[in-house]
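Peer 1: sequence isn't available, so here's the structure alone:
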């Protein structure tokens, strides 16, 4: 149950990041797209630093470098200069603009600035421009991510090419997850448009020659096919509900799905993040239904192996107590998975603030467990609650490490950001395979904990 | 080609500059040319453009004013609760990311460095103002911790919506009875984080330094260390040296530090300055107000460390201390020389480039030189002209709008606490060519023909790498993977890649070993697959700027 706890005005060790970060990440999944953050140069620098430290890849994000003067007279000239320079320097297909609390507070009219830019720079008319309003005082990084996808659909997509493809909107997952999804459709023989496509652009091989814009991302051709596609599948139960799920902002919230329906009359399906067997089954069902294809044997086997692993390992995790935190949709996926393997999620927390989080969590729990559920939480609140719930392990991104250190229990690092380990971009979370890896990691972390906190030091478990 | 030959065949630097600049169109070319200099250490008329705005759309290494104030200067201080007033991002991004270490004296001692407090402003705070929320946040922080002090940092929207953080600080200070002060360090205020350093220096000087005059610092030799941020534990090594010399380190600005110690930091006989860029303001203001002399030291590089320690001992002029210091230096240098003898043959003649910070790009050159490596190009992220050319140029630096934006405190001599005795000692030492208020900058210490580049752009570093092919490149995390995709190892000089310490003698040894490992690793040999006879030819990107 939601327990009464002291509420704080200040956010102490936040469990969320800011919207321009999410937007920039989404833009990085569009081929040939260079993000620009319209604000102080520090915004781009900080966001780059946070993404680079996780993905361990070059992440170029330009800035319109506000000065004191721009705050008084508007940031238009700076943004236009940034667009021109990025346009000439990178030769991009697109530029993805996200605004900041600075440009939004002074009320910069970005669509107007873009119009002026189009008039002044006809040589760059081939460069597509997407614009998302992402002030950091509205929502968090996950909102930014989705707003950027909305902007891409609105500004860069088209329906000029009729096709039989399915548009997949996975949300904020790792490049390894995106690669998994690509494979699924490949093996099924169903063409897919990943929007965005983070499978390569944020996890590149070593290059022989440097590339200003990394390979990968949703291609310009795919963007033109979106409107003529068969339909879309989107992951996530919370964000995709749009404004109805939002307790904070009164602004109209468009979701990628709602824009695809409005703009192209596409039919779509919403499934939860496919973490765990049940959620992955629902994902495959959705794909099979929309595509009319058969389930490839490969995934039948993958599923079988996962069930086999559950039977082997469930005794080590059964009734273990877990704390889970992160973005709402991701946390809901993790919670369903944990519940499925017999782990008791005792504390489920998110920095997001929606009014449906708690009810969805309750739907997904398979057992009669009554976890503490926290929305709008920060790490200090999570830490305070942890003292009561006595967890066996914690699962979430690396910024919660200090809580696991305080409690001396393992932290299973998932999601974004993972700054204190390498390989954050390669962590698999979804599908039968990702679930399998996650399951093994959890079981092994608990075994290791038992082993190293035992005087005898069992070598046979 | 041997490394020696390679060095001598490095392209004519003037030609290289011309080639790199040629890709820029007129206006950008004109601007960038001034920040891209072929060095001549003897030429005093050589000028570099620095501390000017980055052109929008050109990817920079630079951060913002807030980063310099909150992250750099106040970040490493442990007994202050830092409340970031603004939307959530800024606070989150500055949460324990600089690897500053601290060592509370007891387990009960305050340490708030691990916290990231934010007012997490929402829509409504932007519309109706955030002062009430800020006050509440301050009260909460006070109730939770009863901290020694609380600092407030303004982020971009704060200045725009008209929240007066200084008035809030004054009000809360009166109400709660602890020191509370605010910084107007909105991100857009300056050219780079350097503006934030200045803003932080000003406030700490005016609201903290000297407010505790009762404290008795009972030692014959008292000193503050400035511009040392204890990345990777650098300061801990230096603290041990000072202790061995018999010096009481009263305050450190700001590695391993407390606000409490700043309050009586005026009770010293000497300030030594490491990072000139970030902290020279406080050193200068303390000399004006209290008569405490300062000089520049450098503890990056074994020989530089030895020279700096001996200079400090000579300042105090105490025979016992001089003796102890020489013993310390002899003992440590013996260990250092042994490692150099082992490592140098492997590294001799190799080349380095470094583009980082406001003093590191200069001082790390000494470490490389000690193992026989040469720095062929270097530059700062956020330095001013004096950090390149030396303090002699300060009177000639053009004051632009961005500089005018930052308050220049008027400091007056405080008669009752002024130390004429120290000023006399200074005057006496100066006669024997003992330098005070000194920093000659980076350029006089780099060889003729080396490239000195301020606020280097992606395009410039790509070209440098392609044409000069350095053996190692030093910068920060943002550049790391760009450079490594080029096939060149990168050493992070902001966070040390989780390594360090690199200061002092043991630090020098750690650094030589690290560079040895990085330059002898097998990793780079595996880049090309055995079945590929010819490397793939990939078209190069045409670069134009506007």
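Peer 2: Cool, got the structure. The structure presented is a predicted model; accordingly, all values stated were derived computationally and were not measured.
Peer 1: contacts and neighbour counts: CA atoms only from here.
Peer 2: OK.
Peer 1: isn't residue A:168 right up against residue A:236?
Peer 2: No. Assessed by Cα atoms under 8 Å, residue A:168 is found out of contact with residue A:236, at 11.8 Å.
Peer 1: what's the helix or strand for the closest residue to residue B:173 other than its chain neighbours?
Peer 2: Using Cα to Cα, 6 or more residues apart in numbering or on different chains and skipping the chain neighbours, the partner closest in space to residue B:173 is residue B:180 (5.2 Å). Using DSSP states H and E, residue B:180 sits in strand B:179-183.
Peer 1: repeat that for residue B:240.
Peer 2: helix B:234-245.
Peer 1: list the helices and strands that helix packs on?
Peer 2: Helices and strands touching helix B:234-245, by 3 or more Cα pairs under 8 Å, 6 or more residues apart in numbering or on different chains; DSSP states H and E, are strand B:248-254, helix B:319-347, helix B:504-520.
Peer 1: quick one, domains of chain A?
Peer 2: Listed by automatic domain parsing, the domain ranges of chain A are A:17-156, A:315-452.
Peer 1: reformat those as CSV; add mean neighbour count.
Peer 2: Listed next are those as CSV, based on neighbours: other Cα atoms under 10 Å in any protein chain shown:
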stretch, mean neighbour count
domain A:17-156, 23
domain A:315-452, 20
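Peer 1: contacting residues around whatever residue of chain A ends up closest to chain B?
Peer 2: Proximity of chain A to chain B (Cα to the nearest Cα) peaks at residue A:82, 3.7 Å away. Residues near residue A:82 by Cα atoms under 8 Å, 6 or more residues apart in numbering or on different chains: A:36, A:62-64, B:55-58.
Peer 1: and it, helix, strand or coil?
Peer 2: The three-state label for residue A:82, taken from DSSP: H, G, I helix; E, B strand; the rest coil, comes out as helix.
Peer 1: give me the phi and psi for the closest residue to it other than its chain neighbours.
Peer 2: Leaving out its chain neighbours, the residue that sits closest to residue A:82 by Cα to Cα, 6+ apart is residue B:57, at 3.7 Å. Torsion angles at residue B:57 (phi, psi; degrees, to the nearest 10) stand at phi 90, psi -10.
Peer 1: same deal with residue A:455?
Peer 2: Torsion angles, degrees, to the nearest 10, at residue A:455: phi -70, psi -30.
Peer 1: ok, which stretches of the chain are strands?
Peer 2: Chain wasn't specified; assuming chain A. For chain A, the strands defined by DSSP state E cover A:11-12, A:33-38, A:62-63, A:94-99, A:128-132, A:166-169, A:192-194, A:231-235, A:268-271, A:321-326, A:344-350, A:372-374, A:393-396, A:411-413.
Peer 1: try chain B instead
Peer 2: Under the criterion DSSP E, strands of chain B are mapped to B:36-38, B:80-85, B:117-118, B:149-154, B:179-183, B:222-228, B:248-254, B:270-273, B:294-296, B:351-355, B:374-379, B:451-453, B:472-475, B:490-492.
Peer 1: endpoints of stretch B:414-422, how far apart?
Peer 2: Taking Cα to Cα, to the nearest Å, the first and last residues of stretch B:414-422 lie 14 Å apart.
Peer 1: which residues touch that stretch?
Peer 2: B:269, B:289-293.
Peer 1: in PyMOL, select just the buried ones from the residues you listed.
Peer 2: With 16 or more other Cα atoms under 10 Å in any protein chain shown as the criterion, this PyMOL line picks the buried residues out of the contacts of stretch B:414-422:
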select buried, chain B and resi 269+289+290+291+292+293
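Peer 1: just the closest of the contacts of stretch B:414-422 to residue B:155, please.
Peer 2: residue B:289 (30.9 Å; Cα to Cα).
Peer 1: give me the spatial nearest neighbour of the closest one, chain neighbours excluded.
Peer 2: Looking at residue B:289 with Cα to Cα, 6+ apart, the closest residue is residue B:413, at 4.1 Å.
Peer 1: pLDDT score for the one you found?
Peer 2: pLDDT, residue B:413: 97.
Peer 1: cool, and residue A:254?
Peer 2: The model reports residue A:254 with a pLDDT of 89.
Peer 1: then residue A:441?
Peer 2: pLDDT, read off for residue A:441, is 98.
Peer 1: hmm, back to that, show me what the strand holding residue B:180 is packed up against.
Peer 2: strand B:149-154, helix B:165-176, helix B:193-207.
Peer 1: could you dump the ones you listed to a markdown table with mean neighbour count?
Peer 2: Shown next, in a markdown table, are those (neighbours: other Cα under 10 Å):
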| stretch | mean neighbour count |
| --- | --- |
| strand B:149-154 | 23 |
| helix B:165-176 | 16 |
| helix B:193-207 | 24 |
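Peer 1: got the ones you listed as CSV, with mean pLDDT columns?
Peer 2: Output for the helices and strands packed on strand B:179-183, formatted as CSV (pLDDT from 0 to 100):
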stretch, mean pLDDT
strand B:149-154, 98
helix B:165-176, 98
helix B:193-207, 97
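Peer 1: can I get these in JSON lines with distance to residue A:343?
Peer 2: Putting the helices and strands packed on strand B:179-183 into JSON lines (distance: least, Cα to Cα, whole Å) gives the following:
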{"stretch": "strand B:149-154", "distance to residue A:343": "42"}
{"stretch": "helix B:165-176", "distance to residue A:343": "46"}
{"stretch": "helix B:193-207", "distance to residue A:343": "47"}
